[in-house]
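Student: Sequence first, then the predicted structure, then my questions.
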Amino acid sequence: MKKLLQYGLALTAMAILFLGQTGCQSFSGSGEKGEVVSNSQFQELKKQKTSDGKRVAVMGRVTVANSNLTLKMGSPTSMTVDDQEGKLIDFFDLYHGKGKNEFFLPADFTPKDLKLYDNDGKPHNYDEIVQLSFTMKRVTEVRPEQDPLTGAYVWKYEQLRIDPVK
């Protein structure tokens, strides 16, 4: 009986370690492609409470500003997404790796070393426009909930999916 308890505790510890290393990605998963919206339409959606739960997509270029970036195993990294004119769309949390819907940077890198992996696992260069689909989730645990200057609420984006633009 004591040995059974030890095995149970060992399995529980391994499960906790595994979930910690993967970031407990309960909201991950590619989901479906979202409805494509322009940057200005997306900025307006961020001002509406009714956008909570909407699945949308933006087209843009994922960028990394400089090499002063800390990558944490199992934790997402906030990446900048700019539209085709170079205007900021928003920041999106992507996971580091070479799997589907992830990005990869070597230990020593320049912004040109960025590789994105789409929903099929195919790599894309730093300068390629991609379609980024996601579900909008309004963050309500912050004060103020709405930016007094822009009128936008605070959002997080779940079930990110990267697809090539054809």
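Tutor: That came through fine.
Student: got the contact list for Asp83?
Tutor: 38-39, 58-61, 89 (Cβ atoms under 8 Å, 6 or more residues apart in numbering). C-beta coordinates here come from the backbone N, C-alpha and C atoms, glycine included.
Student: Which of these fall within helices?
Tutor: Taking DSSP state H, the ones among these that sit in helices are Asn39.
Student: so of the contacts of Asp83, which ones are in strands?
Tutor: The strands, defined by DSSP state E, take in 58-61, 89 from the contacts of Asp83.
Student: Of these, which pair is most distant in space?
Tutor: Pairwise distances among the ones in strands among the contacts of Asp83 were taken by Cβ to Cβ; the largest, 10.6 Å, belongs to Val58 and Arg61.
Student: And the strands in this structure, which stretches?
Tutor: 35-36, 55-63, 77-82, 88-96, 102-104, 115-117, 123-125, 130-138, 155-164.
Student: Helix or strand with the lowest mean pLDDT in the protein?
Tutor: Least confident helix or strand, the chain: helix 2-21 with a mean of 56, by mean pLDDT, DSSP states H and E.
Student: and which of the ones in strands among the contacts of Asp83 is nearest Thr150?
Tutor: Once Cβ to Cβ is applied, the member of the ones in strands among the contacts of Asp83 that ends up nearest Thr150 is Ile89, at 13.8 Å.
Student: which regions of the protein sit below the pLDDT cut-off?
Tutor: Confidence mapping of the chain against pLDDT under 70 gives the ranges 1-30, 65-68.
Student: change it to 50
Tutor: Applying pLDDT under 50 to the chain flags residues 17-27.
Student: TSV please, covering the ones in strands among the contacts of Asp83 and showing neighbour count and distance to Met73.
Tutor: Formatted as TSV, these follow (neighbours: other Cβ atoms under 10 Å; distance: Cβ to Cβ, whole Å):
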residue	neighbour count	distance to Met73
Val58	22	28
Met59	18	30
Gly60	25	27
Arg61	21	26
Ile89	20	27
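Student: could I get these as CSV with distance to Leu114?
Tutor: Output for the ones in strands among the contacts of Asp83, formatted as CSV (distance: Cβ to Cβ, whole Å):
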residue, distance to Leu114
Val58, 18
Met59, 17
Gly60, 13
Arg61, 10
Ile89, 16
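Student: Any chance of CSV for the contacts of Asp83, columns distance to Leu45?
Tutor: Formatted as CSV, the contacts of Asp83 follow (distance: Cβ to Cβ, whole Å):
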residue, distance to Leu45
Ser38, 10
Asn39, 11
Val58, 10
Met59, 15
Gly60, 15
Arg61, 20
Ile89, 11
